[in-house]
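>>> Sequence and predicted structure below; questions after.
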Amino acid sequence: MEVAVNNEGMNEERFKRRTDVDRSVFQTAVSDAMAKVRSNLDVFQDKFLTSSTVGNVYSLNVYGDTPTANPDKIPGANVGWTTGFWTGILNLAYELTGEQEYLYVVERQVNSFEDRIERKIDVNTHDIGFLYSLSCVAAYKLTGNETAKAAAIRAADHLMTRYVQAAGIIQAWGNMDDPNERGRMIIDCLMNLPLLYWASEVTGDGGYKDAAYQHALNAYKYIVREDGTTFHTYFFDVFTGEPLKGKTVQGYSDDSCWARGQAWGIYGFALSYVYTKDVRFLEMSKILANYFLNRSPEDLVVYWDLEFTDGSDEPKDSSSSAIAVCGLLELVKHLSDEEEKQYFFNAAMQITKSMYEHYSSRHEETSNALLLHGVYFKMYNHGVDEANLWGDYFYLEALTRITKDWNLYW
Ligand code: GLY
């Protein structure tokens, strides 16, 4: 199966020139970030933070994805789709500093994730991969924590309950029989698939991988448009498997290209390549990357929807750029063409430098975030021009990738 997608190609002149970024800037960026993470550890410990900031400040997490997620409104509860990013940040902090204290807190959080999947607290979603890859899979990979491994396998089993056999997709949101959500896949889900690939590796049961591979192929075929842009979400008939239509939820319009969705696709297709070695996914990651990079504004950090460029009054979404950088750095590991490798590497380095210089919280003493100026949900005016936990996580993952050898948590 090949799809006809027009690859715009590597058109951004700035990334063709050899980048002589002084690497010490990234060490300084790590030190600045670690100072923030260290003080958050002292304050929050094993409690969880809000998904995005208010006035650039996180507080204790209260609300999950459903009204019943945390009925007692317990502050710092492990609910919602973003808590794994805090655990992921602590795992990275351990790798960057070698300080054991981060691991002690991760261990307590792993117990919370075990309890969450056992009692099925706010897990009626496909975002199980975001939650469990960065917390439990990472903890297992770093320390061999068996509780973490068992919880992550259980989480993968739960994710499999969302697999729609006839369509070959994992349904994103809601109850499986919800008429508004039935048969909807979303591009973000490419980042949930590594949990399934990993589960096949550690259990020897190929069923998880088969489902993930099928979902990735359907994303390859239907969620990418002919011009290399992406739909945010796509509906399938759950009885016949027939592909129906693309639709946005968080983007500007059904026809536009939501920046974060495109970034999830760059990284997500690269990760499906890692686990399947299907070169179509590598090609697709490149195509999406070229479209994304060809819309780079002056300071290289994209607007929240790629419909917008410099001169618009729309906000930037720094988290999209942080995700894309991690995807590019993964992509270059698997490319053989030197020109392509250098181009995507240059882009990753220049964007990261710009994120540090213009978007990091280094001059914001009152902020407990790492990367400012993100957008969570523009239409609902939620987390607009604020930091968010995934932006912080991917910014730190990018810095970790650049400053040391790093093995995937995904
Ligand atoms: N996965 C949800 C988001 O990117 O906002």
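Cool, the structure landed.
>>> for the ligand, what are the nearby residues on the stretch 201-350 of the chain?
250, 260 (Cβ under 6 Å from any ligand atom). Glycine gets a C-beta too; all of them are placed from N, C-alpha and C.
>>> who touches residue 129 in this structure?
159, 189, 191, 192, 193, 194, 195, 196 (Cβ atoms under 8 Å, 6 or more residues apart in numbering).
>>> Need the pLDDT of it.
Looking at residue 129, its pLDDT stands at 98.
>>> quick one, phi psi at it?
phi -70, psi -50 (degrees, to the nearest 10).
>>> Distance of it relative to the ligand?
Distance from residue 129 to the ligand, counting by Cβ to the nearest ligand atom, to the nearest Å: 10 Å.
>>> Equivalent analysis for residue 38, please.
From residue 38 over to the ligand (counting by Cβ to the nearest ligand atom), the distance is 27 Å.
>>> now do residue 161
From residue 161 to the ligand the distance is 19 Å (Cβ to the nearest ligand atom).
>>> what sits against that residue?
Shown in contact with residue 161 (Cβ under 8 Å, 6+ apart): residue 176.
>>> Quick check: pLDDT value at it.
98.
>>> next one: residue 2
So residue 2 comes in at 65 (pLDDT).
>>> what does the one 3 residues further on give?
Per-residue confidence (pLDDT) for residue 5: 82.
>>> quick one on the thing from earlier: which of the contacts of residue 129 are close to the ligand?
Within those, nothing lies near the ligand by Cβ under 6 Å from any ligand atom.
>>> want to try a markdown table for those, with secondary structure as columns?
Shown next, in a markdown table, are those (DSSP: H, G, I helix; E, B strand; the rest coil):
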| residue | secondary structure |
| --- | --- |
| 159 | helix |
| 189 | helix |
| 191 | helix |
| 192 | coil |
| 193 | helix |
| 194 | helix |
| 195 | helix |
| 196 | helix |
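>>> Tell me how far the residue in the chain sticking out farthest from the centre lies from residue 161.
In the chain, counting by Cα atoms, centre = their mean, residue 240 sits farthest out from the average C-alpha position, at 30.6 Å. Separation of residue 240 from residue 161 (Cβ to Cβ, to the nearest Å): 21 Å.
>>> cool, residue 180 as well?
19 Å.
>>> how close does residue 127 get to the ligand?
Distance from residue 127 to the ligand, by Cβ to the nearest ligand atom: 6 Å.
>>> meant to ask about residue 88, not that
Relative to the ligand, residue 88 is positioned 14 Å away (Cβ to the nearest ligand atom).
>>> wait, doesn't that residue sit right on residue 392?
No - counting by Cβ atoms under 8 Å, residue 88 does not reach residue 392; the two are 9.5 Å apart.
>>> OK, now which residue of this structure is nearest to the ligand?
residue 188 (3.9 Å; Cβ to the nearest ligand atom).
>>> in the sheet, who's paired with residue 360?
residue 371 (DSSP bridges).
>>> looking at this, residue 240 is in a helix?
No - applying three-state DSSP, one finds residue 240 to be coil, outside a helix.
>>> Can you name the residues that contact it?
Neighbours of residue 240 in contact, by Cβ under 8 Å, 6+ apart: residue 166.
>>> circling back: please produce TSV containing the contacts of residue 129, extended by neighbour count.
As requested, the contacts of residue 129 are arranged in TSV below (neighbours: other Cβ atoms under 10 Å):
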residue	neighbour count
159	27
189	27
191	24
192	29
193	28
194	22
195	26
196	28
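>>> which residues of the stretch 51-200 of the chain fall in helices?
Using DSSP state H, counting those that start in this stretch, the helices of the stretch 51-200 of the chain run over 83-97, 100-118, 128-132, 138-143, 146-160, 193-203.
>>> relative to helix 100-118, how tilted is the fifth one?
So the one you mean is helix 146-160. Counting by axes from the mean of the first three to the mean of the last three Cα atoms, to 10 degrees, helix 146-160 lies at 40 degrees to helix 100-118.
>>> In helix 146-160, which residues are buried?
148, 149, 151, 152, 153, 154, 155, 156, 157, 158, 159, 160 (16 or more other Cβ atoms under 10 Å).
>>> how about CSV for those residues, with distance to residue 273 added?
Below are the buried residues of helix 146-160 laid out as CSV (distance: Cβ to Cβ, whole Å):
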residue, distance to residue 273
148, 26
149, 25
151, 27
152, 22
153, 23
154, 27
155, 23
156, 20
157, 25
158, 25
159, 20
160, 22
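>>> Closest one of those to residue 377?
residue 159 (23.3 Å; Cβ to Cβ).
>>> can I assume that closest one is in contact with residue 195?
Yes - between residue 159 and residue 195 there is a contact under Cβ under 8 Å: 6.3 Å.
>>> Find the residues that touch each one of these two.
128, 129.
>>> Residues of the stretch 51-200 of the chain that sit close to the ligand?
residue 188.
>>> make it 8 Å
Contacts of the stretch 51-200 of the chain with the ligand, taken as Cβ under 8 Å from any ligand atom, map to 81, 127, 130, 186, 188, 191.
>>> and the gap between residue 120 and residue 7?
Distance, residue 120 to residue 7, by Cβ to Cβ: 43 Å.
>>> quick one: the residue of the chain closest to the ligand and residue 264 touch, right?
Yes - judged on Cβ under 8 Å, residue 188 makes contact with residue 264 at a distance of 4.8 Å.
>>> mind checking how far stretch 192-202 is from the chain centre?
From the chain centre to the centre of stretch 192-202 is a distance of 16 Å (Cα atoms, centre = their mean, to the nearest Å).
>>> Residue 188 and residue 264 - which one has more neighbours?
The neighbour comparison of residue 188 against residue 264 (other Cβ atoms under 10 Å) goes to residue 264, with 27 against 24.
>>> you'd agree that one is up against residue 187?
Yes - with contact defined as Cβ under 8 Å, residue 264 and residue 187 form a contacting pair (5.2 Å).
>>> in stretch 311-329, what counts as buried?
For stretch 311-329, by 16+ other Cβ under 10 Å, it's 314-329.
>>> typo on my end, it should be stretch 118-131
Buried residues in stretch 118-131 (16+ other Cβ under 10 Å): 121, 122, 123, 124, 125, 126, 127, 128, 129, 130, 131.
>>> same deal with stretch 32-45?
Buried-residue list, stretch 32-45, by 16+ other Cβ under 10 Å: 32, 33, 34, 36, 37, 40, 41, 44.
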